[in-house]
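> I'd like to go over a predicted model; first the sequence, then the structure.
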Amino acid sequence: MSTYILTIDQGTTSSRAIIFNEKGLVISSAQKEFKQIYPNNGWVEHDPEEIWSTTLSTCHQALANKGLNATDISAIGITNQRETTIIWDKQTGKPIYNAIVWQDRRTADYCQELIQNGFEDIVMNKTGLLVDPYFSGTKIKWILDNVAGARSRAEKGELAFGTVDTFLLWRLTAGQSHMTDATNASRTLLFNIHDQAWDQELMDRLEVPAQLLPEVKDCSANFGKTNKDIFGEEILIAAMAGDQHAALIGQACFEKGMVKSTYGTGCFMMLNTGEEALRSENRLLTTVGYRLNGKVTYAIEGSIFVAGAAVQWLRDGIQLIKHAHETESLAEQTPLNHGVYMVPAFTGLGAPYWDPQARGAILGITRDTGIGEIVSAGLQSVCYQTKDLKRAMESDGAVRPDTLRVDGGMVANNWVVQFLADILGATVDRPVVQETTALGAAYLAGLYIGTFKSLEQISQLWHCEQSFKPTMDKKLQDELYDGWIDAVSRIRSK
Ligand SMILES: Nc1ncnc2c1ncn2[C@@H]1O[C@H](COP(=O)(O)OP(=O)(O)O)[C@@H](O)[C@H]1O
Ligand SMILES: O=P(O)(O)OC[C@H](O)CO
């Protein structure tokens, strides 16, 4: 009898396949990095064929690692980097342009125009988002306007749009399912989060034909079956969710006020606001936390574009380190108040600043600044940005996030997690299963097929691996953070 759930976690820098058992424990996994394409200043693309091939090969690898085959898998859950935009030909399944990645800023000027024309209020009211190149809507328009023939083909219904979940689903089902889930839809700028439907006014304004858009389903639902040729047998696809929403599930943040923060390429802090679509006064996003049985649980989210990507830049860009984990010992050997600040606005600043034109800087360098200080400043920047978000959430007033559940590749670094607890002045809990995003997708698939019975049962499966308590005195905390605020103010474009 099939007992395992296979999850696909298609992230910004790598594709992962993880097989979980009915207790939510990892049985097998495989991961493959893929190429980042930077065609212009502030542009970021992926080759959709590489997204597909790495997804497929990691799934096969994860099965092969434990000698499993399709009959051992009861369902598949898909979770994905969000907002990244792909448009493909429905006949051939071939993309008409590279995937435009969430970090891409090419539509910044167009967004500015939309803001000047008073579009942002409409967007905020309907979608909970802001007008920023981050989201899919303006990326879709860019492809339709810049790829020869695309707009007329889209109007004739020959093309399909999808975020990465939808594209993978299309390929897995050999074109049988053109669907997404409410969390991914909520990041497109086209989806009304109150009505839970694509919004005609938004589509008209962004010139996106309705024929392009997928059907929107709950996170746990019947998304179709994989084509038999892919794994030898059909497998039910029973869940889809954007990666940050899946992490909220994987971290069992089911109660109003619970908050998680995920440190992968970027950092995304999400706070469960229950049935209320709380509107932030501090430029945080209102989003669909998850949708189950037609019922929406909302969240507010702070999105930081560069977290682990700063470490990658230290490794691959300026080559100060060879491996990401070296940052831990380098930071340990460096005093905290070294006076150097890195503002990693490589692709602008996200929440709460939303400044797509800002670019990064390293400030406060002196003759004795060395690799340790620069590396430490890179790690600290991620924690300072989290404090920006926490303060924004507190000032929005609904809840006081005193405990933060963290996950993602960066939290393997103990120094980062302790500095985070110190600078926030809050407890930071790291769970036993740190593949929280994939775990969330497995829980969602398991809820659909009955492996998991309820959110309460899932809550009981969450266990803390280590709890980091704040130990820094308030004076140092304030001094360090004031320096950050000053550094950010110097690189803002407006
Ligand atoms: N020990 C470490 N210290 C600091 N950063 C790390 C460490 N290990 C991994 N990272 C960073 O974590 C990121 C990978 O996290 P992951 O959750 O896999 O990201 P994504 O899902 O966005 O691809 C990379 O950017 C990497 O630089
Ligand atoms: O790939 P990650 O984990 O950095 O997540 C990307 C986010 O979903 C972008 O919104």
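Cool, got the structure. Ligands and ions are numbered 1, 2, ... in the order given.
> for the stretch 351-494 of the chain, what spans make up the helices?
Counting by DSSP state H, counting those that start in this stretch, one finds helices in the stretch 351-494 of the chain at the ranges 371-396, 414-424, 436-449, 455-460, 474-491.
> where does the stretch 301-450 of the chain have low pLDDT?
398-401 (pLDDT under 70).
> at 90 instead, please
By pLDDT under 90, the weakly predicted segments of the stretch 301-450 of the chain are 303, 305, 346-358, 391-403, 433-435.
> Close to ligand 1: what parts of it are there?
Taking CB under 6 Å from any ligand atom, the part of the stretch 301-450 of the chain that reaches ligand 1 is made up of 308-309, 311-312, 324-325, 327-328, 408-410, 412-413. Every C-beta, even on glycine, is put in place using the N, C-alpha and C of the backbone.
> Swap in 5 Å and give it another go.
The stretch 301-450 of the chain has residues G308, V311, Q312, A324, H325, T327, G408, G409, M410, A412, N413 near ligand 1, with proximity defined as CB under 5 Å from any ligand atom.
> Show me which residues of the top strand by length along the chain are buried.
The residue-count maximum for a strand in the chain (DSSP state E) belongs to strand 295-304. Across strand 295-304, burial judged by 16 or more other CB atoms under 10 Å covers V296, T297, Y298, A299, I300, E301, G302, S303, I304.
> nearest spatial neighbour of the fourth one, skipping sequence neighbours?
Excluding the flanking residues, the one nearest A299 by CB to CB, 6 or more residues apart in numbering is G289, at 3.5 Å.
> Does N65 touch I18 like I think?
No - assessed by CB atoms under 8 Å, N65 is found out of contact with I18, at 10.8 Å.
> and stretch 259-271, what's its mean pLDDT?
With pLDDT averaged residue by residue, stretch 259-271 scores 92.
> Same check on stretch 36-47?
Stretch 36-47 shows an average pLDDT of 93 in the prediction.
> secondary structure class for G289?
Three-state call for G289 (DSSP: H, G, I helix; E, B strand; the rest coil): strand.
> returning to that earlier point: can you tell me which of the helices of the stretch 351-494 of the chain is most buried?
helix 436-449 (a mean of 29; mean count of other CB atoms under 10 Å).
> Quick one: distance of it to the chain centre.
Here helix 436-449 is found 16 Å from its chain centre; the criterion is CA atoms, centre = their mean, to the nearest Å.
> Next: stretch 422-437.
Mean C-alpha position of stretch 422-437 versus that of the full chain (CA atoms, centre = their mean) differs by 17 Å.
> The longest strand of the chain near ligand 2 at all?
No - Strand 295-304 does not reach ligand 2 (CB under 5 Å from any ligand atom); its nearest approach is 6.0 Å.
> what angle separates that strand from helix 371-396?
Orientation check (axes from the mean of the first three to the mean of the last three CA atoms, to 10 degrees): strand 295-304 against helix 371-396 gives 140 degrees.
> residues from the protein in reach of ligand 2?
Counting by CB under 5 Å from any ligand atom, the chain comes close to ligand 2 at G11, T12, Q81, R82, W102, D243, G264, T265, G266.
> Distance of F119 relative to G274?
29 Å (CB to CB, to the nearest Å).
> secondary structure class for the nearest residue to K94 once chain neighbours are set aside?
Of all residues not flanking K94 in the chain, W88 sits nearest, at 6.0 Å (CB to CB, 6+ apart). State at W88, reduced to three classes by three-state DSSP: strand.
> Now for L189: which residues touch it?
Counting by CB atoms under 8 Å, 6 or more residues apart in numbering, L189 touches V123, T127, L129, V131, F135, S136, G137, T138, L202, L206.
> The fourth one - that's part of a strand, no?
Okay, so that is V131. No - V131 is assigned coil when assessed by three-state DSSP, not a strand.
> right, and it touches I115 too?
Yes - between V131 and I115 there is a contact under CB under 8 Å: 5.2 Å.
> related to what we said a few turns ago, what residues are up against the residue nearest to K94?
Neighbour list for W88: P48, K94, P95, I96, L159, A160, G162, F167, W170 [criterion: CB under 8 Å, 6+ apart].
> Tell me who's in contact with the last one.
Put plainly, it is W170. W170 sits in contact with W88, G93, A160, G162, S177, H178, where contact means CB under 8 Å, 6+ apart.
> Greatest separation within those: which pair is it?
Largest separation among the contacts of W170 by CB to CB: W88 and S177, giving 13.6 Å.
> Distance check, A438 against ligand 2.
Per CB to the nearest ligand atom, to the nearest Å, A438 is found 11 Å from ligand 2.
> Kind regards, and thank you for your time.
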